[in-house]
Every structure is written in structure tokens, then in C-alpha cells.
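S.K.: quick check, what structure comes out for this input:
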Amino acid sequence: MAGARLLEASLAFDGLTAEIIADNRHLPPTLMKLAFKCWPGSVVRRLGCHSGAGLPEGARYRMGAMEYEVHDGVGMLLDRSAFAGSTTHLNRMVPVLRDVVGIPLAQAVRMVTLTPARIIGVDRQKGSIEVGKDADLAVFDDGFTARAW
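M.R.: Numbers count the residues shown, from 1 in each chain. All right, here's what the predicted structure looks like:
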């Protein structure tokens, strides 16, 4: 019963920031949509990447003493019993937020730029394109492949 009260309290609390890995593997679309509906201004898409990021399907890699394999966009334990993190880069998560979850592109970009900057307290210097802020920019094509930075 305490778990249900925690869930209810978290859904009703406006100050909560939810963090999701939007690789379309860790969470089903319905759960990502629910998180966005509950906290539309604060949901942060979490990269979740590690040393397996960007490796091709079937590639093996190590983190510490453990060995993993890239399978269907995630790092998996070799026995396939659990995820070991996402191998999906940011530019492949924004389309999931837009096309699968149904979040407008501007909001999806905000979720991966300004919201994380706000959470760590650097939104006065980073996170959006404004006079006086740091300007680390990348140019993406329609398929979200970086073309210039």
C-alpha cells in the first residue's frame, strides 16, 4: 500500500523531474507518454549511453570485469538476462520522443538541452540559444545526423 501512495504522490507533485531513457527499449511508448503527460515541462531524456554507444549490432565490449553485447539498441549481458544500458545516441532519441511519444520537436529538444541545464543549475549559462549564454551548437539534417558542430 505504501508503494501506491508513493506513486500517487509523485504523480501529483509539480516539482518532480522525471528522467527517462528514450531509446524505445528501456520503456514502452505508453510509459514515456504517461511521464510526459504528468510532467510536460520537466521530463528529461537521459542519454544512458556508455562505452557500447554507437557500436554495431552484435559487437562485444567490456566495462570493468563484465562483457556485454549490443543487441537491438541496448547493451545486454551475454546471457541476455538484463540490459546493461542503452547504446543509442542522443540524435536517435529525439526522433523517438517526437515520432513514437508524440512530443513536439521543440519540446523534445528542450528536454535534452534546457531542462538538464536547469536541473544541474547552469541554465543561466547553458541550455538554450540566448544572448550571453555559451553557444555549443550542432546542425542536424532531417534524419537527425549531425552535419556540423
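
S.K.: could I get the full set of strands for the protein?
M.R.: 19-20, 44-45, 60-63, 66-71, 74-77, 83-86, 139-140, 146-148 (DSSP state E).

S.K.: what's around R5, how many residues?
M.R.: By other C-beta atoms under 10 Å, the residues close to R5 number 9. For glycine as for every other residue, the C-beta is placed from the backbone atoms N, C-alpha and C.

S.K.: do you know how far it is from C38?
M.R.: 16 Å (C-beta to C-beta, to the nearest Å).

S.K.: what of G85?
M.R.: Computed as C-beta to C-beta, the G85 to C38 distance reads 25 Å.

S.K.: and what of L7?
M.R.: 11 Å.

S.K.: give me the more crowded residue out of the two.
M.R.: When neighbours are counted by other C-beta under 10 Å, L7 and C38 differ, and C38 comes out ahead with 16 against 10.

S.K.: and that one, what does it touch?
M.R.: By C-beta atoms under 8 Å, 6 or more residues apart in numbering, the contact set of C38 is L11, A18.

S.K.: likewise for D134?
M.R.: Q125, K126.

S.K.: so what touches stretch 82-91?
M.R.: By C-beta under 8 Å, 6+ apart, the list of residues contacting stretch 82-91 reads 21, 23, 25-26, 45, 47-50, 52-55, 63, 66, 68, 70, 73-77, 112, 140, 144-146.

S.K.: separation between L34 and L11?
M.R.: From L34 to L11 the distance is 9 Å (C-beta to C-beta).
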